[in-house]
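Asker: mind folding the following:
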Amino acid sequence: MDNFAEQLVKKNLTSSEKTKHTVMVIAGVVGTLILLLFGILMLGNPIPSLIGFVLAVGAGYGTFSTMQSSYIEYEYAFTNGELDVDKIIAKKKRKAMISTDVTKFTAFGKYTDDIEESENMTVVISSDNIASHEYYADFQHEDYGLTRLVFSPNEKILDNIKKYLPTNLRTKLLREEKS
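Answerer: Below you'll find the model as predicted:
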């Protein structure tokens with residue numbers, strides 16, 4: 001029988017990301033309005049007026065695109081020991097982030113800030129930015145070398161991962177959960 005689980009995780013913006021997003025939206029709206037005003041004021045002169053309107057439309061579209069691109073979700077798909085993580089931007093674009101075999105994990109557990117990272121480690125963050133939900137997995141990846149995945153699995157994904165973990169990691173995880 002196949003072990004399959006899927007989960008969508010919405011990325012929560014940090015306060016600095018929210019501030020950047022707000023500033024960019026305000027700047028975009030103000031820029032669009034200024035260009036639109038320029039186009040209206042130049043109605044007597046068709047070429048500058050047209051340029052103003054075209055630039056206003058471009059600025060408006062750019063602002064809208066910027067707003068949409070901040071809506072990020074991660075999809076975790078677990079199938080028979082294989083964990084795939086995709087990034088979904090604005091519910092339109094999908095990008096495969098990483099794929100790994102859970103049996104190859106060298107470390108796994110709850111993620112905390114005091115867990116050390118080596119300098120040559122590639123860190124792939126695909127979590128909801130809520131620290132209490134985050135887990136980490138260390139493994140050797142064929143493209144990235146030593147890799148750490150920081151993610152926010154639900155119980156179903158977590159239960160499936162536990163079934164395929166190497167014995168030493170499963171035992172360690174069970175001890176941590178009991179204490």
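
Asker: element containing the spatially closest residue to N120 that is not a sequence neighbour?
Answerer: Counting by CB to CB, 6 or more residues apart in numbering, the nearest residue to N120 once its immediate chain neighbours are dropped is L146, at 6.0 Å. Every C-beta, even on glycine, is put in place using the N, C-alpha and C of the backbone. In this structure, L146 is located in strand 145-151 according to DSSP states H and E.

Asker: so how far is that strand off the chain centroid?
Answerer: Computed by CA atoms, centre = their mean, to the nearest Å, the chain-centroid distance of strand 145-151 equals 14 Å.

Asker: what are the boundaries of the helices in the chain?
Answerer: In the chain, the helices defined using DSSP state H lie at 15-41, 46-69, 155-164, 167-178.

Asker: and A131, how far from R170?
Answerer: 24 Å (CB to CB, to the nearest Å).

Asker: in this structure L83 contacts L165, no?
Answerer: No. Counting by CB atoms under 8 Å, L83 stays clear of L165, with 11.2 Å between them.

Asker: which one's more surrounded, those two?
Answerer: Neighbours per residue, other CB atoms under 10 Å: of L83 and L165, the larger number sits with L83, 24 against 19.

Asker: ok, that one - contacts?
Answerer: Going by CB atoms under 8 Å, 6 or more residues apart in numbering, L83 touches Y76, A77, S99, T100, D101, V102, A137, L149, I161.

Asker: what score does D2 have for pLDDT?
Answerer: At D2, the model reports a pLDDT of 76.

Asker: identify the residues contacting it.
Answerer: T79, N80.

Asker: could you list the low-pLDDT ranges of this structure?
Answerer: Scanning the chain for pLDDT under 70 picks out 1.

Asker: and the strand holding L146, what does it pack onto?
Answerer: On a contact count with 3 or more CB pairs under 8 Å, 6 or more residues apart in numbering; DSSP states H and E, strand 145-151 meets strand 82-89, strand 93-101, strand 122-126, strand 135-141.

Asker: what residues sit buried inside the longest one?
Answerer: In this case it means strand 93-101. For strand 93-101, a neighbour-count test (16 or more other CB atoms under 10 Å) marks M97, I98, T100 as buried.

Asker: mind checking how far that strand is from the chain centre?
Answerer: With CA atoms, centre = their mean, you get 11 Å for strand 93-101.
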